[in-house]
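Asks: coords below, sequence missing:
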């Protein structure tokens, strides 16, 4: 299986070299400039901000429609007031209903402007909702909108929570985002899960946390491509760093712990319209942390028996051959590499896009016996998958193929394979 990895990396390197030396063969990019990535350059566009203004209220597009295995279809509405109502204050929230679990979820709160120049806001919110087990979110990533979240369709394991949170967020410069949050959460498990600490079983628990998060874009260079369009190139790492501290004994909170997260994003965009990107992410937890608040490697393989039954939608930064609930870790490192070729011009309005992908992860779990009721494996050897995507074949839809190799290769060939469709919306 090492040969697969070698050939994939060799192909990525060869393609990058070949496209660099074949710059004079580039064609028009009129279709490419119609994509979301180009439209998102427009400041304030709904596809960038995730908000659609209606009078004094900006509708949050993320709240309108979702689907997952627990809620089924989830319909909702939410958003935040804008400057037409108050200049220095915002009122916001959402309400949503799951047609499978037949439960309403909601969030309500408000914000006050502390510093207009630094875009510093002080916020207070109350939330009653559900969340995926093992999710670790960088607070500053919430400032970057994604229209379509494909993993939501396949997620199986959730927990419910109610939370009070107060946070200060600020944009110190166009390159630096920061947020500090204090939160108190009451967590309940849908799964038959118990966290065992000092002989006591915790099915429901309370958590008090303080979180500090930064996102820094170190520098952006620009080049003019062969079609005379100015594009970003050779982006030095965009670094996200976060530390979470859990405190025992505050308003009855149950556990002491510390969690660290670090993410480095690097992309090279070339004059010939190809690009290569790297994502390196590490997470570490110390202390007493329930499984709900530990880490997974963004698995996206439905736990079904055949390829045809597992056919679904591929994610953007997920491990397509890793099954949901297969691995959890308190130490985790992930590396993802993608090479996107220049789009093929097969017809005037038919320009598919080929992407080669290589993903790797390794982790560990210190006290696996403390987590009872949800079976899972340690990720204490390298997990490897290689794949390719042929995107934008028709109406924004494409195809994704990935293969799982190395230490965690499964006995049946079919179980190592992921075959899904991709979706890249085109305006």
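Replies: All right, it came through fine. No experiment lies behind these values; they were computed from the predicted model shown.
Asks: Relative to the whole chain's centre, how far out is the helix or strand hosting residue 308?
Replies: Per DSSP states H and E: residue 308 is located in helix 307-310. Centre-to-centre, helix 307-310 and its host chain are 24 Å apart (CA atoms, centre = their mean, to the nearest Å).
Asks: who are the neighbours of it, in terms of helices and strands?
Replies: For helix 307-310, the packing partners by 3 or more CB pairs under 8 Å, 6 or more residues apart in numbering; DSSP states H and E come out as strand 417-423. From N, CA and C alone the C-beta is placed, and that goes for glycine too.
Asks: just for the stretch 201-350 of the chain, where's the confidence low?
Replies: Applying pLDDT under 70 to the stretch 201-350 of the chain flags the ranges 219-235.
Asks: Spatially central residue in the chain, please.
Replies: residue 317 (6.5 Å; CA atoms, centre = their mean).
Asks: hang on, the earlier thing: what's next to the helix holding residue 308, contact-wise?
Replies: Helix 307-310 has contacts (CB atoms under 8 Å, 6 or more residues apart in numbering) with 301-302, 304, 414, 417-420.
Asks: sorry, back to before: just to check, the residue nearest to the centre of the chain is in contact with residue 280?
Replies: No - contact criterion CB atoms under 8 Å: residue 317 and residue 280 do not qualify, at 11.6 Å.
Asks: picking that back up, after the helix holding residue 308, which helix or strand is next?
Replies: Downstream of helix 307-310 (by DSSP H and E), the next one is strand 319-323.
Asks: how about the helices of the chain, start to end?
Replies: Per DSSP state H, the chain carries helices over the ranges 2-20, 36-39, 46-49, 307-310.
Asks: check contacts around residue 373.
Replies: Here residue 373 is in contact with 191-194 (CB under 8 Å, 6+ apart).
Asks: cutoff 10 Å now
Replies: Residues in contact with residue 373 (CB atoms under 10 Å, 6 or more residues apart in numbering) are 189, 191-196, 201, 203, 291.
Asks: from the residues you listed, which is closest to residue 125?
Replies: Nearest to residue 125 among the contacts of residue 373: residue 189, at 22.8 Å, using CB to CB.
Asks: Across the sheet, point out what pairs with that closest one.
Replies: Here residue 189 sits in beta bridges with residue 159, as judged by DSSP bridges.
Asks: Could you check the pLDDT of it?
Replies: As predicted, residue 189 sits at a pLDDT of 97.
Asks: Make sure residue 172 is actually in contact with residue 178.
Replies: Yes - contact criterion CB atoms under 10 Å: residue 172 and residue 178 qualify, at 6.2 Å.
Asks: more crowded one of these two?
Replies: Taking neighbours as other CB atoms under 10 Å, residue 172 and residue 178 compare with residue 178 leading, 18 against 15.
Asks: Once you drop chain neighbours, what's closest to residue 108?
Replies: Closest residue to residue 108 apart from its sequence neighbours, by CB to CB, 6 or more residues apart in numbering: residue 93 at 3.8 Å.
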